[in-house]
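Student: quick one: sequence and predicted model below, then my questions.
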Amino acid sequence: MGPCGGPWTQKLHQDGPGRGLGEEDIRKAREARIRKTPRPQLSDRSRERKVPTSRVSRLANFGGLALSLGLGALAEVAKKSLPGGRVQSEGGSRPGSSLFLSEANAERIVQTLCTVRGAALKVGQMLSIQDNSFISPQLQRIFERVRQSADFMPRWQMLRVLEEELGRDWQAKVASLEEVPFAAASIGQVHQGVLRDGTEVAVKIQYPGVAQSIQSDIQNLLAVLKMSVAVPEGLFAEQSLQALQRELALECDYRREAACAQNFRQLLADDPFFRVPAVIQELCTTRVLGMELAGGVPLDQCQGLSQDTRNQICFQLLRLCLRELFEFRFMQTDPNWANFLYDASSHQVILLDFGASREFGTEFTDDYIEVVMAAANGDRDRVLQKSRDLKFLTGFETKAFSDAHVEAVMILGEPFATQGPYDFGAGDTARRVQGLIPVLLQHRLRPPPEETYALHRKLAGAFLACARLHAHIACRDLFQDTYHRYWASRQA
């Protein structure tokens with residue numbers, strides 16, 4: 001599930017105050033609108049388009065994009081060279097500020113990624129859930145459009161996958177299945193169906209060819225990005241993409257995802273706030289996954305809820321992240337907004353898309369929890385030492401790099417260091433960390449631990465959700481409780 005193209009719900013409209021209506025009346029009206037459990041709906045931008053299945057056809061799409069970007073950039077230079085034109089990049093020095101990222105070229109990137117789908121589109125989705133302090137507004141808008149508008153495969157291609165995976169008699173397993181999907185994501189699309197016992201289901205069908213083209217897709221996308229964005233050596237892009245390739249290979253195995261979903265359903269069976277839909281075993285294969293249909297709105301569409309409700313949602317989200325890492329040592333690491341649906345009628349969050357789930361060893365979590373505790377306690381020396389234990393640092397870095405690394409950890413640890421509720425909406429965390437990035441990229445000697453690629457993506461998504469919803473959360477008390485429970489269980 002976890003769609004990038006088209007929310008599970010209709011977009012909420014934030015109306016202005018009407019005459020004679022007070023703030024409380026408006027808040028209640030907005031909540032009432034959210035409480036109507038919405039029906040799944042595909043994005044208006046999505047189009048039916050065949051998925052290119054061979055490496056040659058996929059390479060042709062990227063090659064055509066590279067040529068088009070070059071021609072588009074030349075046209076942009078010519079246009080800005082005319083009287084009255086200005087050659088000035090929006091966003092300054094942030095990654096993604098380039099003449100290659102004109103509006104016309106942005107549309108070319110969106111169209112190509114939404115056509116090929118697969119690993120390249122997945123990278124775009126990940127970058128869409130970033131604060132625009134880290135990437136330019138140009139690049140932010142491109143990847144946001146990518147997240148909202150993946151294309152879906154035509155009926156004949158979808159039916160071919162179903163027959164290959166479930167057999168020619170697959171229709172005997174369902175009473176009905178909508179031919180047009182309600183969500184189109186990077187690796188597959190999701191259709192609404194009904195079982196013969198009346199159970200409503202969501203059936204995810206993998207695009208043909210995406211599993212076999214992960215490595216080539218990522219390399220092709222990196223080549224295109226290097227044309228328009230300077231990729232610093234300290235980013236260790238190759239190592240990052242290799243880690244991503246391994247993650248995506250696991251995500252393409254829907255049997256594994258079904259097992260992960262069942263595991264989370266058991267782990268959270270007694271949690272009153274989170275719900276995991278049941279897996280429909282007769283609709284599960286390597287490339288098809290059936291689960292109970294869930295309704296609700298993605299987290300980024302919950303801004304109209306009351307402050308108290310937003311605080312509760314975000315508190316529970318952070319509590320879940322801490323439980324996943326330090327109690328379960330098993331985390332769903334994809335922070336896509338649509339993987340977390342708020343159902344106001346039951347005041348629960350439904351969790352979706354478990355393909356990116358991974359385990360964490362105690363050797364990692366023992367040191368990681370101490371880094372967070374050191375930041376919470378303002379102990380810079382211990383942050384540095386435990387970072388070396390975690391292999392973030394070699395011990396031979398420059399003092400400038402070590403100081404910048406510790407400062408970044410201290411900034412990110414502020415929610416856990418603050419006495420009382422921390423105001424995520426008022427913070428300038430992204431801007432302050434951004435100021436340290438040039439030093440970190442210039443002097444880094446080794447790539448970060450592989451566990452942190454997925455982990456920090458999830459934690460950054462959770463923090464950004466709290467910021468978007470302007471949540472006020474007593475994070476220090478939450479972490480202190482987690483810390484003491486963690487070591488009590490480790491020493492038991």
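Tutor: Nice, thanks for sending it over. Note that the structure is a prediction, hence the values are computed from the model and not measured.

Student: mean confidence (pLDDT) on stretch 462-480, please.
Tutor: Averaged across stretch 462-480, pLDDT comes to 95.

Student: hmm, I typed the wrong one, I wanted stretch 399-419.
Tutor: pLDDT averaged over stretch 399-419 gives 94.

Student: before we move on, what about stretch 309-320?
Tutor: For stretch 309-320, the mean confidence score works out to 98.

Student: what's it in contact with?
Tutor: With contact meaning C-beta atoms under 8 Å, 6 or more residues apart in numbering, stretch 309-320 is reached by 31, 273-274, 299, 302-303, 305, 340, 342, 344, 347, 349, 421, 424, 462, 465-466, 469-475, 478. For every residue, glycine as well, the C-beta is placed using N, CA and C.

Student: before we move on, what about stretch 363-383?
Tutor: For stretch 363-383, contacts defined as C-beta under 8 Å, 6+ apart pick out 325-326, 329, 386-387, 389-390, 406, 409-410, 412-413, 416-417, 449, 451, 476, 479-480, 482-483, 486, 490.

Student: how about the helices in the stretch 351-492 of the chain?
Tutor: Assigned by DSSP state H, counting those that start in this stretch, the helices in the stretch 351-492 of the chain fall at 362-376, 380-389, 399-412, 414-417, 429-434, 437-443, 450-468, 475-491.

Student: do the same with the stretch 151-300 of the chain
Tutor: Under DSSP H, counting those that start in this stretch, the stretch 151-300 of the chain gives helices at 155-166, 214-228, 237-251, 254-267.

Student: got the angle for the first one vs helix 254-267?
Tutor: Translated: helix 155-166. Calculated by axes from the mean of the first three to the mean of the last three C-alpha atoms, to 10 degrees, helix 155-166 forms an angle of 70 degrees with helix 254-267.

Student: ok, and for helix 155-166, which residues are buried?
Tutor: Within helix 155-166, the residues scored as buried using 16 or more other C-beta atoms under 10 Å are 157-159, 161-162, 165-166.

Student: and for stretch 191-198?
Tutor: Of all the residues in stretch 191-198, those buried under the rule 16+ other C-beta under 10 Å are 191-193, 195.

Student: measure that stretch end to end?
Tutor: Start-to-end span of stretch 191-198 (C-alpha to C-alpha, to the nearest Å) is 16 Å.

Student: quick one: contacts of that stretch?
Tutor: 40, 158, 173-182, 200-203, 205, 280, 290, 293.

Student: type out the PyMOL command that picks the buried ones from the residues you listed.
Tutor: The PyMOL selection below is limited to those of the contacts of stretch 191-198 classed as buried (16+ other C-beta under 10 Å):
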select buried, resi 40+158+173+174+177+181+182+201+202+203+205+280+290+293
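
Student: which of the contacts of stretch 191-198 fall in strands?
Tutor: Using DSSP state E, 176-177, 200-203, 205, 290 are the members of those that sit in strands.

Student: farthest pair within those residues?
Tutor: Largest separation among the ones in strands among the contacts of stretch 191-198 by C-beta to C-beta: 200 and 205, giving 16.7 Å.

Student: can you list the domains in the chain?
Tutor: The chain is divided into the following domains under automatic domain parsing: 55-149+214-236, 155-206+253-275, 297-492.

Student: and those, which one's lowest on average pLDDT?
Tutor: The bottom spot among those, by mean pLDDT, belongs to domain 55-149+214-236, with a mean of 55.

Student: and the domains of the chain as TSV, adding distance to residue 245?
Tutor: Output for the domains of the chain, formatted as TSV (distance: least, C-beta to C-beta, whole Å):
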stretch	distance to residue 245
domain 55-149+214-236	5
domain 155-206+253-275	13
domain 297-492	11
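
Student: of all the ones you listed, which lies closest to residue 243?
Tutor: Going by C-beta to C-beta, the one of the domains of the chain nearest residue 243 is domain 297-492, 4.7 Å.

Student: just to revisit the earlier point, how about the helices of the stretch 351-492 of the chain, which one is nearest residue 354?
Tutor: Nearest to residue 354 among the helices of the stretch 351-492 of the chain is helix 450-468; the distance by C-beta to C-beta comes to 12.5 Å.

Student: returning to that earlier point: could I get the helices of the stretch 351-492 of the chain as JSON lines with mean neighbour count and distance to residue 284?
Tutor: JSON lines is the format used below for these (neighbours: other C-beta atoms under 10 Å; distance: least, C-beta to C-beta, whole Å):
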{"stretch": "helix 362-376", "mean neighbour count": "19", "distance to residue 284": "30"}
{"stretch": "helix 380-389", "mean neighbour count": "18", "distance to residue 284": "41"}
{"stretch": "helix 399-412", "mean neighbour count": "18", "distance to residue 284": "38"}
{"stretch": "helix 414-417", "mean neighbour count": "20", "distance to residue 284": "39"}
{"stretch": "helix 429-434", "mean neighbour count": "16", "distance to residue 284": "40"}
{"stretch": "helix 437-443", "mean neighbour count": "17", "distance to residue 284": "42"}
{"stretch": "helix 450-468", "mean neighbour count": "20", "distance to residue 284": "24"}
{"stretch": "helix 475-491", "mean neighbour count": "15", "distance to residue 284": "33"}
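
Student: include distance to residue 310 when you put those helices into CSV, please.
Tutor: Formatted as CSV, the helices of the stretch 351-492 of the chain follow (distance: least, C-beta to C-beta, whole Å):
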stretch, distance to residue 310
helix 362-376, 24
helix 380-389, 31
helix 399-412, 21
helix 414-417, 15
helix 429-434, 18
helix 437-443, 29
helix 450-468, 9
helix 475-491, 15
